[in-house]
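Participant: With the input below, show me the fold.
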Amino acid sequence: MVSRGAAVRRSGTTVLDRELAGTEEVRKDMCCFFTSLVLVGPRLGILVWWIMAPLQWEVAFPSFFWPFIGFIFAPWTTLMWVVVAPGGVTGFDWFILALGVMADVASYSASAWGNRERYMAVEA
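Facilitator: Residues are numbered from 1 along each chain as shown. Alright, predicted model coming up:
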């Protein structure tokens, strides 16, 4: 990386400007990768776990409706429910469920935060 003092002007831009221009693009790519991982990760986990242990899912959910809705809208909470529901939800289990809810809220708010510039451009 070139320090600010060593930046040389060439055709109106500095070497530092050109180097920093690439880092913004890398940050956006990593943000998209991380967001994809957060959104796809729990859903893939749900599918694999359901294939590997369908009886645990039948104990946790009496019908197909709630796990399907959870798969779409709240995958982390759905995973946590399957962890704690078979033994009954008591005591520390509520904390585990709260972690699932917070993970779902964080994944949705992170995607909104990552796209905040796009939303601001539409409003202007």
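Participant: who's in contact with residue 77?
Facilitator: Contacts here follow C-beta atoms under 8 Å, 6 or more residues apart in numbering; on that basis residue 77 touches 70, 97, 100, 101, 103, 104. For glycine as for every other residue, the C-beta is placed from the backbone atoms N, C-alpha and C.
Participant: Check which helix or strand the closest residue to the third one other than its chain neighbours maps to.
Facilitator: In other words, residue 100. Nearest non-adjacent residue to residue 100, counting by C-beta to C-beta, 6 or more residues apart in numbering: residue 80, 3.2 Å away. Counting by DSSP states H and E, the secondary-structure element that holds residue 80 is helix 75-84.
Participant: Please list all residues in contact with the nearest residue to residue 67 once chain neighbours are set aside.
Facilitator: Spatial nearest neighbour of residue 67, chain neighbours left out: residue 61 (4.8 Å); criterion: C-beta to C-beta, 6+ apart. By C-beta under 8 Å, 6+ apart, the contact list for residue 61 reads 67, 81, 82, 85.
Participant: gap between the second one and residue 60?
Facilitator: Residue 81 sits 6 Å away from residue 60 when distances are taken as C-beta to C-beta, to the nearest Å.
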